[in-house]
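**Student:** Next come a sequence and a model predicted from it.
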Amino acid sequence: ADELTLQLKWVTQAQFAGYYVAKDKGFYDEVDLDVTIKPGGPDVAPAQVIAGGGADVVVDWMPAALATREKGVPLVNISQVFSRSGMMLTCRKDMGVETPEDFKGKTLGVWFFGNEYPFLSWMDKLKYKTEGADADIKVLKQGFNVDPLLQKQAACVSTMTYNEYWQVIDGGLTPAELTVFPYEDQGVATLEDGLYVMEKSLEDEAMKDKLARFIKASMKGWKYAIENTDEAAEIVLENDATGAQTEKHQKRMMAEIAKLIDTENLGKLNEESYNRTVNILLAGDSKLVISKEPEGAFTQEIWERAQK
Amino acid sequence: MKKHDYVLIEFLFLTVVSFAVPVGQVEGVSVYWWFDSAALILVLASLGIGFFHLVRGRDGLAAGLLVALGTVLGTLAPLQLIGSIETGEILNLGYRVFLVAPGLWIYVIALGLLAWRAMTLLSKVADGNRLIALAIPALFGVWLLYLWQVITTGLGIPSVLLPSPGQIGDAISNNGSTLYADFYQTVVKSVLSGFAFGCGSGFLVAVLVDRVPFMQRGLLPLGSLVSAVPIVGIAPIMVMWFGFDWESKAAVIVVMTFFPMLINTLAGLQATSHIEKDLMRSYAASYWQTLLFLRLPNAMPFIFNALKINSTLAMIGAIVAEFFGTPIVGMGFRISTEVGRMNVDIVWATIAVAAVVGSLFYGILALLERRVTFWHASYRRAK
Amino acid sequence: MSEASSKAVIEIENLDLVFQTADTPVHALADIDLTVNAGDFVSFIGPSGCGKTTLMRVIADLEKPTGGHISVNGMTPEEARQKRAYGYVFQAPALYPWRTVEKNIRLPLEIMGLSGDEQKARAARNLAMVNLEGFEKKFPWQLSGGMQQRVSIARALSVEPDLLLMDEPFGALDEITRDHLNEQLLNLWDTTKKTVIFVTHSIPEAVFLSSKIVVMSPRPGKIIDIIESSLPRVRNLDIRETPEFLEISHRVREGLRSGHSYDD
Amino acid sequence: MSEASSKAVIEIENLDLVFQTADTPVHALADIDLTVNAGDFVSFIGPSGCGKTTLMRVIADLEKPTGGHISVNGMTPEEARQKRAYGYVFQAPALYPWRTVEKNIRLPLEIMGLSGDEQKARAARNLAMVNLEGFEKKFPWQLSGGMQQRVSIARALSVEPDLLLMDEPFGALDEITRDHLNEQLLNLWDTTKKTVIFVTHSIPEAVFLSSKIVVMSPRPGKIIDIIESSLPRVRNLDIRETPEFLEISHRVREGLRSGHSYDD
Amino acid sequence: MTDAVQPQVIPSWRRLYDGKVIPVATVLIALLILWLAGAVYMNSPQLIDQYKRGNVEWTFGKLVRDSWSMERPILPAPQQIVVELDKTVLDKKITSKRSLVYHAWVTLSSTLLGFAFGTILGILLAVGIVHIQTLDRSLMPWIIASQTVPILAIAPMIIVVLGNIGLTGLVPKALISMYLCFFPITIGMVKGLRSPDVLQLDLMKTYSASAAQVFWKLRIPASIPFLFTSLKVAIAISLVGAIVAELPTGAIEGLGARLLAGSYYGQTIQIWSALTVASLLGMLLVWAVALSEKLVLSRMGGQAA
Ligand SMILES: Nc1ncnc2c1ncn2[C@@H]1O[C@H](COP(=O)(O)OP(=O)(O)OP(=O)(O)O)[C@@H](O)[C@H]1O
Ligand SMILES: Nc1ncnc2c1ncn2[C@@H]1O[C@H](COP(=O)(O)OP(=O)(O)OP(=O)(O)O)[C@@H](O)[C@H]1O
Ligand SMILES: Cc1ncc(C[n+]2csc(CCO)c2C)c(N)n1
Ligand SMILES: [Mg+2]
Ligand SMILES: [Mg+2]
């Protein structure tokens, strides 16, 4: 079997169920692939791993991938798994946040490590200054969890619909006490989990074939996961080496993940969404993330081959 | 009896060998040293100086400086070449990259030998000469940086993995204000306050507990318990307790520095010999007089030991703690954020600032120690 | 053995001291009876480990006896120590390396709270006494062993105690310097009427200096002979050639020999 | 001053040694001329700091002279050291604390590569010589200072050198033990015909042991008198009462006194 | 007059008092009480907030009980940690990924390997520094500077680079742990190898011993007490290094991964129990080194360090 290494963006969880299912159910074996799945973590930059030759394919978010491309690491999107963004800003009503106008003067929790680009674009759109002595809002680099919100150290924190939001709920706050700002609703949604390879991989015919087979089996895995969310969550749990994930949380996450994925043309990059993402990142005068229209940042060829 | 200087002979041999093999490629065609006349002259200069010294074989300052000059001239040759011709990319070629420009790498190894000879020559005359005593480690450091530069650029290592010192230097000069803001947040706010508070409280508790042996026996074993608690575990807890600004970083530093100071001060206070204490007793000196006149001065070497250990702990502690939640400024924030943004040059620029600040901090404490404990056996010579 | 106790500075009766050590207890002093009168110059002599230092330390309240009675100036040793009744010269110089020679001498005076001027004056006076003028600003480790020991003597003298306890103060010195300091000490003793207790290994030194020689033997440490000297109070080095001197020396040597065992 | 050089073990001519220190150079030895013949017992005596130890260290090639000539067994001191020509007893015992008494004595023998049996035999023999049978398995800190010094003497003897350098070997011992070891050493010297160089502070010891006494004076360290002893080679302690003995002692003392300055 | 202080048989409680057991227990109990009080103090604001929002009647007793049994406390009560430890240490099979023993074992193996590497590197550097004048003069400042580099910052890059040359799994983690723990060993060994005084060295010279003989018969034995003192420091650091190194390897398994996962999900109790196990493991390791120190030193005549 051909060997292939996949680097995830984050720790083993239902966010990546499709790949684990494909491996567990033997879908990769069917296409004669031996796939190694490397979990990520807070200090793992998928783009760095692939640049260093540590993986053949990585799961990453498009803003980060485009920014990396500008830095001279030529990442190319070969398949876009999540069609919608799951990112939200979750705020406490009792700290006085009901609309984006209320952000002024508040402390907002944001993830960095390349995940801050959508947020920065949004704030740019809202004409809020986030840095310096005269900043309109105080930005806090949020750690791994939602504690700053629970402890009222921040008025808002970043959450994913499928993960941190539920930690807030588990933390004792009710949906009625919260205001949520999904990026989709604010018109600043950028594409999230997609599959990226180095440009060089696309120069080699054998590699292209391998990637197509990988996409094919992975999408089969995702399809299965969306149809059998509970079983998929259990497969994820079995693959979690930390033993820290809970069943309740993973099942819920899997259900939420399913909502972000279009099963029609599963894995195909929607060029409209791509253009929207690029425009959001290019908008404003700050040029925070990318400074010019990227070229060759995606290809549909692999996905199309995978349909055969 | 005259011994052969094998290091120099080896240098000459390797350099000559480097002439026989390619030093790189231009459009796929192997080229040799004489492709670039500037590089050729530099190599020949180093070769000449090496040969001259081998024949003359004399020690002394002049010889040391001459060989050092030869090394410096020699090091410019590879830099000159790497900018103008192809030397291979490690990610494409793997270990075969060394076959693209074998002469270059052989010469770099040869230069290592020449640099070594320069340092040994200088070491011999360094006693009593402060300038040279400082120059030797500086030369060594420059050599390390040089190797780093040649390897990253010569082997085409992607800068997102490891930028070259040149790129790091550029990043430092281009991001001065950011780096200063980070320095202010991390060092001035977190490190200094945490260090002062941690060391201060460790010292005070030691002085208090010293009177109660019972407490000492109870506290000391806990010291080894706490020293084994990883900072990556304390940091999130402190962020939870003290908020995300510098206070939580200072708290992490306090936890890290408290016990080393406590343990060292206690050991220092107890390091007085029987006879010294008996002397105080024979004067019917009070507890505080004994402390002031005898035990504290005597404990100074121990206390400085703890201060030095703690200075490196404090820097690392503050930076690591910033990984776990911070306002968007600070060296730890910068490092963790810019890695994700693929700005690895800024990451290394920040690391460089941290290393320089940390070493300075340490150096200042070491100087102060020399001043305060001048009387200690480790500082006085003869008699 | 005890005498007119009206002038007695130190009275020791039936004193016992056992050190508790990890393995076996060490019987360092057994059945010690001794009276020292004001103005006496008493030497302790005996083989290594016979308890000379220990006995001196008991007098100075640096060691507590495990049996018997002792009084110093009519008080317990502890009270006497707190009244700063004595000056002690240790077997080793015990100078503080972070203080200059002068500062070392001023140490006890600072602790006693004397005025700066007084401290200065006394330091100068006593440095002169041990021939170390000009070394005020040196640090102890810049001096030879013998000079260090002389600084420690000057330090003890600067306290100006009536009772001087000296534990082998001249051990580290060569014969000539030693002779010189012996004369100085004798002179000081004679003019100031101090009481001196002195430990030495040297028979001639003991005989030359003392008005009373206490010969001790080890295991357990006890007194085997107390010799009252018949030599005049004012002496010079030539007295060492006289028959009385040799006779006393002989008696001390005999005492030592009888108490000696070869296992050390 | 030099004699029949056929039997000369050590020949020193015009020797000079200056220590370079941080501030001022110290002129430790100046103009030393000395010949030591096979079978001599030579004592160095002089005030503290006059260079006795330094001179001994030059002979042992532990210090390089800055001027003059010296030969040991007709070779340079370095060659002699490499041939293991001498045994050295330092002023301090210098035992390795992690080795038992026996292992300490075997240390030089291990280094010389002797067989295990031979090492054992020599250790046993020399321990007996210094009266320490039964202490083989003890560690140095379990011995008193005097016992440690005796171990270090046994260690030097176990090398069985023809030339023995001893730097105040008996300084830490009390008078009785010292007398005893003096007799033993004299006996050893007489029976094995070794050459011994010996440093001491004690005039009687120097006179009792030596066939030749070298009196030194400090600043710079030089030889001010060399006294050939008229005493017979075989002596016992009683000789110390004889007029010849007292006369030699007197001459040594006079020499010492003349070379003495009071500033140390 | 001084009366005799009679020596007597020391009662056993007295020995406990003079030993470590009672003092440590006392300090621990005091800490425990502080801890329990602290848990109430730190957790109650959130609880009171909850009560208010839920309109719950509450008494102080209820507040105390609740603050000792919150699911996501700011400071968990000790008994909660004990319960969690009971669940994750005793109840689970030790091969299970939910068993802390399993994770401790993972961390321990890279700790020990890193410690071994660090000891070797540390000693080699020290030997070089002591014997080669040029190294002595050139290396020391850089060794100190190396320790001012925040390892957590470069660990991910090290892992990526090492992964690139085919080193994965235990070795990269051990190398990071080595980077941290070689330092005290180098410092201690340099001191130790230089501890023989002039006299001890001169003695060797009079035997005209070779450099190797001086090294093995004098420098090495003299440095042993220093070595052990450093080893005790180093092994604790090595554990910290191993835990740090687990984060950028994808935090798959080991105590560091547990810490992080606990942190990621706001599971305070999980963090604290992982911390507790880490500290106990650290203490155990230090104790093991101390024990071997005792054994070795007693064979070497029991001189104090
Ligand atoms: N703190 C102690 N613990 C146990 N034993 C001790 C202690 N101090 C002294 N000793 C023992 O008590 C005995 C007497 O010791 P002391 O120091 O008084 O002898 P000394 O006569 O002064 O000998 P030296 O002439 O060598 O100074 C010795 O056997 C010694 O080992
Ligand atoms: N390594 C050295 N550096 C500088 N000066 C030294 C050194 N060793 C000895 N001296 C000086 O050389 C002189 C002679 O010293 P040496 O040790 O030979 O005296 P000594 O006669 O053995 O004295 P003692 O009787 O005290 O042992 C002294 O003034 C001493 O301070
Ligand atoms: C330090 C830190 N950095 C980034 C993220 C963001 N992140 C990476 S993957 C992912 C999907 C949700 O689980 C999210 C939100 C985080 N959580 N913590
Ligand atoms: Mg004594
Ligand atoms: Mg000497």
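**Tutor:** Looks like it came in fine. Numbering: from 1, shown residues only, chains lettered A, B, ... in the order given. Ligands and ions are numbered 1, 2, ... in the order given.
**Student:** List the contacts of residue 107.
**Tutor:** Answering for chain A, as no chain was given. The contact partners of A:Thr107, by C-beta atoms under 8 Å, 6 or more residues apart in numbering or on different chains, come to A:Ile137, A:Lys138, A:Val139, A:Leu140, A:Pro148, A:Gln153, A:Ala154, A:Ala155, A:Cys156. Just so you know, the C-beta spots here come from the backbone N, C-alpha and C atoms, and that holds for glycine as well.
**Student:** my bad, chain C
**Tutor:** So C:Leu107 contacts B:Tyr283, B:Phe293, C:Tyr96, C:Arg99, C:Arg155 (C-beta under 8 Å, 6+ apart).
**Student:** could I get those residues as JSON lines with secondary structure and neighbour count?
**Tutor:** Converted to JSON lines, those look like this (DSSP: H, G, I helix; E, B strand; the rest coil; neighbours: other C-beta atoms under 10 Å in any protein chain shown):
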{"residue": "B:Tyr283", "secondary structure": "coil", "neighbour count": "23"}
{"residue": "B:Phe293", "secondary structure": "helix", "neighbour count": "21"}
{"residue": "C:Tyr96", "secondary structure": "coil", "neighbour count": "19"}
{"residue": "C:Arg99", "secondary structure": "coil", "neighbour count": "17"}
{"residue": "C:Arg155", "secondary structure": "helix", "neighbour count": "28"}
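**Student:** for the stretch 51-200 of chain E, which spans come out with low pLDDT?
**Tutor:** Across the stretch 51-200 of chain E, nothing is flagged by pLDDT under 70.
**Student:** Let me fix that, I meant to ask about the stretch 251-383 of chain B.
**Tutor:** B:378-383.
**Student:** where along it do the strands fall?
**Tutor:** Assigned by DSSP state E, counting those that start in this stretch, the strands in the stretch 251-383 of chain B fall at B:326-327.
**Student:** For chain A, what's its nearest residue on it.
**Tutor:** At 3.1 Å from chain A, B:Gly340 is the closest residue in the stretch 251-383 of chain B, using C-beta to the nearest C-beta.
**Student:** low-scoring stretches of the stretch 1-150 of chain C, by residue?
**Tutor:** Ranges of the stretch 1-150 of chain C meeting pLDDT under 70: C:1-6, C:21-23.
**Student:** For it, which residues are neighbours of chain B?
**Tutor:** C:57, C:60-62, C:81-84, C:86-88, C:90-92, C:94, C:96-98, C:107-108, C:110-112, C:139, C:141-142, C:144 (C-beta under 8 Å from any C-beta of the partner chain).
**Student:** Among those, which lie within strands?
**Tutor:** Of the residues of the stretch 1-150 of chain C next to chain B, the ones assigned to strands by DSSP state E are C:Tyr86, C:Gly87, C:Tyr88.
**Student:** Now that we have those, which of them are buried?
**Tutor:** Among these, those classed as buried by 16 or more other C-beta atoms under 10 Å in any protein chain shown are C:Tyr86, C:Gly87, C:Tyr88.
**Student:** Can you tell me which of the residues you listed is nearest chain A?
**Tutor:** Within these, the smallest distance to chain A is 63.1 Å, found for C:Tyr88 (C-beta to the nearest C-beta).
**Student:** before we move on, back to that, would you convert the contacts of C:Leu107 into CSV that also reports distance to chain A?
**Tutor:** Compiled in CSV, those are given as follows (distance: C-beta to the nearest C-beta, whole Å):
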residue, distance to chain A
B:Tyr283, 57
B:Phe293, 49
C:Tyr96, 52
C:Arg99, 52
C:Arg155, 62
